[in-house]
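1. coordinates only, sequence not included:
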């Protein structure tokens, strides 16, 4: 039972354009969502997060949108740069579960930025 | 400062061998997590430590998997009698208690022949 889903295994975007990565979840207990970026042979690196009490969080070129009623979140990268080429993982946790904010991950989306 | 480190980075084991994977968390981080990432999948939770206490081991796939963190810092994930299905990347992450994010190490790629 995949509680966090990333339905697009891959995405190609022209440099300078907007990249939009999508993520859906099924568990209503999730109240905190994160995006991680992963390069080959490295561990995931934290990118941006959002609490369920918000619907948008922005950090430089990265914006995460949360639609709780649809159980959907998306990551926008604008403008896209070649260094953004990586695998992006959506993750969720139930922070109300005190003392164990274990993360549930999606299967990832490989983003390729075309120069 | 130093991030999370893991050793070895690569491990090849024959089926039936025991292996031990080490994680050095960021100094002072109370929480430590182990995840397993199979090829083409996202990381999946294995177990969680708060200091030396193992508070959740619900993700360990079988009793062949054992984790410890005896002094509340370094952690070891041990897999006994390895099977081919154990082949994966094993990721360790640490964080301050109830932090917003977890910091991951580079992982150990285990291949069981």
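-> Structure received. Computed from a predicted structure; not experimentally measured. Numbers count the residues shown, from 1 in each chain, chains lettered A, B, ... in the order given.
2. check contacts around residue 58.
-> Going with chain A. Contacts of residue A:58 were listed using Cβ atoms under 8 Å, 6 or more residues apart in numbering or on different chains, and they are residue A:64. Using the backbone N, CA and C atoms, a C-beta is placed for each residue, glycine as well.
3. nope, chain B please
-> Shown in contact with residue B:58 (Cβ under 8 Å, 6+ apart): B:45, B:47.
4. Tell me where the model's unsure across the chain.
-> I went with chain A, as the question did not name one. Chain A contains residues with pLDDT under 70 at A:96-100.
5. try chain B instead
-> B:1.
6. quick one: contacts for the residue positioned nearest the centre of it?
-> Centroid check for chain B by Cα atoms, centre = their mean gives residue B:34 as the closest residue, at 3.6 Å. By Cβ under 8 Å, 6+ apart, the residues touching residue B:34 are B:23, B:45-48, B:67, B:75, B:77, B:90-92.
7. The residues you listed: which ones sit near chain A?
-> B:45, B:48, B:91 (Cβ under 8 Å from any Cβ of the partner chain).
8. Now rank the residues you listed by neighbours and give me the top one.
-> residue B:91 (25 neighbours; other Cβ atoms under 10 Å in any protein chain shown).
9. quick one: which of the ones next to chain A among the contacts of residue B:34 is nearest to residue B:97?
-> residue B:48 (11.5 Å; Cβ to Cβ).
10. Run through the residues that contact the closest one.
-> Listed by Cβ under 8 Å, 6+ apart, the contact set of residue B:48 reads A:100, A:102, B:31-34, B:54-57.
11. And the buried ones among these, selectable in PyMOL?
-> PyMOL command restricting these to the buried ones, with burial defined by 16 or more other Cβ atoms under 10 Å in any protein chain shown:
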select buried, (chain A and resi 100+102) or (chain B and resi 31+32+33+34+54+56)
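12. still on that earlier bit, any idea which helix or strand carries the residue nearest to the centre of chain B?
-> strand B:31-37 (DSSP states H and E).
13. circling back to that earlier point, mind listing what the closest residue to the residue nearest to the centre of chain B other than its chain neighbours touches?
-> Excluding its sequence neighbours, the residue lying closest to residue B:34 (Cβ to Cβ, 6 or more residues apart in numbering or on different chains) is residue B:46, at 4.2 Å. Contact analysis of residue B:46 by Cβ under 8 Å, 6+ apart lists B:33-36, B:57, B:59-61, B:65, B:67, B:77, B:90.
14. Tell me how far residue B:7 lies from chain A.
-> From residue B:7 across to chain A, the span is 13 Å (Cβ to the nearest Cβ, to the nearest Å).
15. nearest spatial neighbour of that residue, skipping sequence neighbours?
-> residue B:22 (4.9 Å).
16. try residue A:43
-> residue B:104 (3.5 Å).
17. residues contacting the residue lying closest to residue B:94 once chain neighbours are set aside?
-> Among residues not flanking residue B:94 along the chain, residue B:25 sits closest, at 3.3 Å (Cβ to Cβ, 6+ apart). Listed by Cβ under 8 Å, 6+ apart, the contact set of residue B:25 reads B:4, B:32, B:73-75, B:92, B:94.
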